[in-house]
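S.K.: Got a predicted model here, sequence first, then my questions.
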Amino acid sequence: MIDYETLKARAFAPVEQSYTQRDTILYALGLGLGGDPLDAAHLRATYERAEGFCALPSMVNVLAGPGFWAMEPDTGLTWQKILHGEQSFTLHAPLPAEGTIVGETRITEIIDKGEGKGALIYSERRMTDKASGTLIATVEGTSFARGDGGFGGPTGPVKPVHTLPETEPEAVFEHRTLPGQALIYRLSGDYNPLHADPEVATGAGFKAPILHGLSTLGVASWSITAALADGDPAALTHLQLRFSSPVYPGETIRTEMWRDGDEVSFRARVVERDVVVLNNGLARLG
Ligand SMILES: C/C=C/C(=O)SCCNC(=O)CCNC(=O)[C@H](O)C(C)(C)COP(=O)(O)OP(=O)(O)OC[C@H]1O[C@@H](n2cnc3c(N)ncnc32)[C@H](O)[C@@H]1OP(=O)(O)O
């Protein structure tokens, strides 16, 4: 059972993470990039000598975080039933391809959706470049704790969601994920067994381990810049979305986009099952 005051005040020590170009490339491989090794856009993220090689902006989501802290025994959370509900990130400065980042995490609110429905845990991480002191990024996430509703906490306000146009998408981009993608992606720091252990996955109600939501988010982030920013991944400065359904590794993700100046509304669907997996997306270029 969640104790509202205790969980909201949970202290997270600052996390200092040094990473190299090898980590930057491993992150990109965990999005299924490199699956087309003759494609310049794939190489730009996976080969350090390629022209325009850089860290993908969405990598801020895996750096200097507290890990899957819900598994720690004193949280009161049913960690096996937690799903990633929403995520956003904003780049205040480009993410270096290697360096040392300090992340400071806090829980900003916990919303009670009711018994049998769940709880929303909102968190925020501010990420600073250690060498220069520059604020690099702000990352916000929502955990949907399906087993922990009815704890007597506030029932709102919830974060507003971005509304997509009702017209047909103006651009689409397809990316085939790898069957072993979750096993690669987890090496960037999210070791939740839900993404690797078949027994844990079936226990949580899935037919097999599901892909990390943040890997799907990385695919959509990269796809937007591949389709609308001449393949320059660093053009992406903000992205927010809601995870609407799980993805199984090996499925094809089609990102559907509407552009309005620097802003791109988007959603993504799994082609094989025709299911929307990312919804209410908003990205900013430049
Ligand atoms: C630790 C795990 C890491 C991972 O990476 S997991 C993989 C990535 N995440 C996912 O695959 C999650 C995909 N999303 C889902 O499966 C579902 O989506 C949810 C289980 C999260 C919710 O589904 P349902 O309970 O059927 O939602 P509803 O009946 O459509 O709405 C109930 C209330 O919940 C709000 N809500 C729905 N989806 C989300 C979301 N993704 N994040 C935050 N809130 C959400 C709605 O608005 C509504 O609220 P109101 O009752 O006030 O009208």
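M.R.: Cool, the structure landed. Bear in mind that the values here come from a model prediction, so they are computed numbers and not experimental data.
S.K.: how about residue 51, what does it touch?
M.R.: 40, 44 (C-beta atoms under 8 Å, 6 or more residues apart in numbering). C-betas here are computed from N, CA, C, even on glycine.
S.K.: what's the nearest residue to the residue in the stretch 1-150 of the chain that the ligand sits nearest to if we skip its chain neighbours?
M.R.: Nearest residue of the stretch 1-150 of the chain to the ligand: residue 85, at 2.9 Å (C-beta to the nearest ligand atom). Once flanking residues are discounted, residue 85 sits nearest to residue 144: 3.6 Å by C-beta to C-beta, 6 or more residues apart in numbering.
S.K.: Number of residues surrounding the closest residue to the ligand within the stretch 101-250 of the chain?
M.R.: Using C-beta to the nearest ligand atom, the single residue of the stretch 101-250 of the chain nearest to the ligand is residue 213, 2.7 Å away. Neighbourhood size, residue 213 [other C-beta atoms under 10 Å]: 24.
S.K.: Hmm, it is touching residue 62, no?
M.R.: No - between residue 213 and residue 62 there is no contact under C-beta atoms under 8 Å: 11.9 Å.
S.K.: Which positions within stretch 210-219 qualify as buried?
M.R.: Buried residues in stretch 210-219, defined by neighbour count with 16 or more other C-beta atoms under 10 Å: 210-219.
S.K.: Quick check: end-to-end length of stretch 34-53?
M.R.: Separation of the first and last residues of stretch 34-53 by C-alpha to C-alpha, to the nearest Å is 13 Å.
S.K.: any idea how far that stretch is from the chain center?
M.R.: Distance of stretch 34-53 from the chain centroid (C-alpha atoms, centre = their mean, to the nearest Å) equals 21 Å.
S.K.: So which bits of the stretch 51-200 of the chain are right by the ligand?
M.R.: Residues of the stretch 51-200 of the chain lying close to the ligand (C-beta under 6 Å from any ligand atom) are 82-86, 113, 120, 142, 144, 192, 194.
S.K.: Now the two most distant members of the residues you listed.
M.R.: 113 and 192 (21.2 Å; C-beta to C-beta).
S.K.: quick one: secondary structure of residue 149?
M.R.: Classification of residue 149 using DSSP: H, G, I helix; E, B strand; the rest coil returns coil.
S.K.: pLDDT wise, what is it at?
M.R.: pLDDT, residue 149: 97.
S.K.: residue contacts, it?
M.R.: Contacts of residue 149 (C-beta under 8 Å, 6+ apart): 112-119.
S.K.: Buried ones from those, can you make that a ChimeraX selection?
M.R.: With 16+ other C-beta under 10 Å as the criterion, this ChimeraX line picks the buried residues out of the contacts of residue 149:
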select :112,113,118,119
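S.K.: Just put the contacts of residue 149 in a markdown table and tack on pLDDT and secondary structure.
M.R.: As requested, these are exported to a markdown table (pLDDT from 0 to 100; DSSP: H, G, I helix; E, B strand; the rest coil):
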| residue | pLDDT | secondary structure |
| --- | --- | --- |
| 112 | 98 | strand |
| 113 | 97 | strand |
| 114 | 97 | strand |
| 115 | 96 | coil |
| 116 | 96 | coil |
| 117 | 97 | coil |
| 118 | 98 | strand |
| 119 | 98 | strand |
